[in-house]
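Visitor: the sequence and its predicted three-dimensional model are supplied below.
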Amino acid sequence: MLKLPYSRMLPVLFVLLAIFGLTGCNEEAKEKVMAQQAMALESGDECHLCGMLITRFPGPKGQVFERGIKQNMKFCSTRDMFAYALDPEHKHNIQSVFVHDMAVNPWEKPTDETYIDGRKAWFVIGSSKKGAMGPTLASFKTQEDAEAFAKEFGGELKRFDELTLDII
């Protein structure tokens, strides 16, 4: 067996610990990315905020993953999703946000295949279109689609980081 002086073993141990630590973090990050994807809406799914059946109402829906909670939270409207996600009690724990791209969805029944990253989306607030609880935020992948929607139905464009509870 190779015997190294203690002073030479210490750096080797640190390097080995760092390698094992980084490998573990990488696996955890992969699992998190794989696990945090928008899930299909089932007919019995209830809104995490208000308890209404999600699929019974028109307009864009939202889903959120919160740190420390493995299951995603589903919402009947983007308005309810933001009311939850922007609440100071939850805001710092939100990891992933998903919303429908309404440029490729029928307003009456958005499909599960068209979820986009909510943090990168464009939102139209104050339009004439209604969601589950009345006014809602129309969500879009591109600024051009959001502008076209606002031109037709009214409203103002906002980015995720511009939204506050006062605006909602």
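Guide: Perfect, thanks for sending it. A quick note: this is a predicted structure, and the numbers were derived from the prediction, not measured.
Visitor: now the helices for this structure?
Guide: 6-35, 78-85, 88-91, 143-153 (DSSP state H).
Visitor: what mean pLDDT does the third one get?
Guide: Helix 88-91 shows an average pLDDT of 92 in the prediction.
Visitor: residues contacting it, please?
Guide: Glu66, Tyr84, Ala85 (Cβ atoms under 8 Å, 6 or more residues apart in numbering). In this view, the C-beta of every residue, glycine as well, is placed from N, C-alpha and C.
Visitor: and which of those residues is nearest to Met52?
Guide: Tyr84 (13.6 Å; Cβ to Cβ).
Visitor: the closest one: what's it in contact with?
Guide: His48, Leu49, Val64, Met73, Phe75, His90.
Visitor: what's the nearest residue to the residue positioned nearest the centre of the chain if we skip its chain neighbours?
Guide: For the chain, Val97 is the residue whose C-alpha lies nearest the centre (Cα atoms, centre = their mean; 0.5 Å). Take Val97 and drop its neighbours on the chain: the residue closest to it by Cβ to Cβ, 6 or more residues apart in numbering is Gly118, 3.3 Å away.
Visitor: quick one: low-confidence ranges for this structure?
Guide: Scanning the chain for pLDDT under 70 picks out the ranges 1-35.
Visitor: domain parsing for it?
Guide: Domain assignment for the chain by automatic domain parsing gives 7-36, 54-162.
Visitor: among these, which is the most enclosed?
Guide: When those are scored by mean count of other Cβ atoms under 10 Å, the highest mean neighbour count falls to domain 54-162 (a mean of 18).
Visitor: could you check how far that domain is from the centre of its chain?
Guide: Its chain's C-alpha centre and that of domain 54-162 lie 9 Å apart, by Cα atoms, centre = their mean, to the nearest Å.
Visitor: check which helices and strands whichever strand in the chain runs longest sits against.
Guide: Looking across the chain with DSSP state E, the single longest strand is strand 94-100. When contacts are defined as 3 or more Cβ pairs under 8 Å, 6 or more residues apart in numbering; DSSP states H and E, strand 94-100 packs onto strand 62-66, helix 78-85, strand 115-117.
Visitor: out of these, flag the one nearest Thr136.
Guide: Thr136 sits nearest to helix 78-85 of all the helices and strands packed on strand 94-100, at 4.5 Å, using Cβ to Cβ.
Visitor: orientation of that closest one relative to strand 94-100 in degrees?
Guide: For helix 78-85 against strand 94-100, the angle by axes from the mean of the first three to the mean of the last three Cα atoms, to 10 degrees is 180 degrees.
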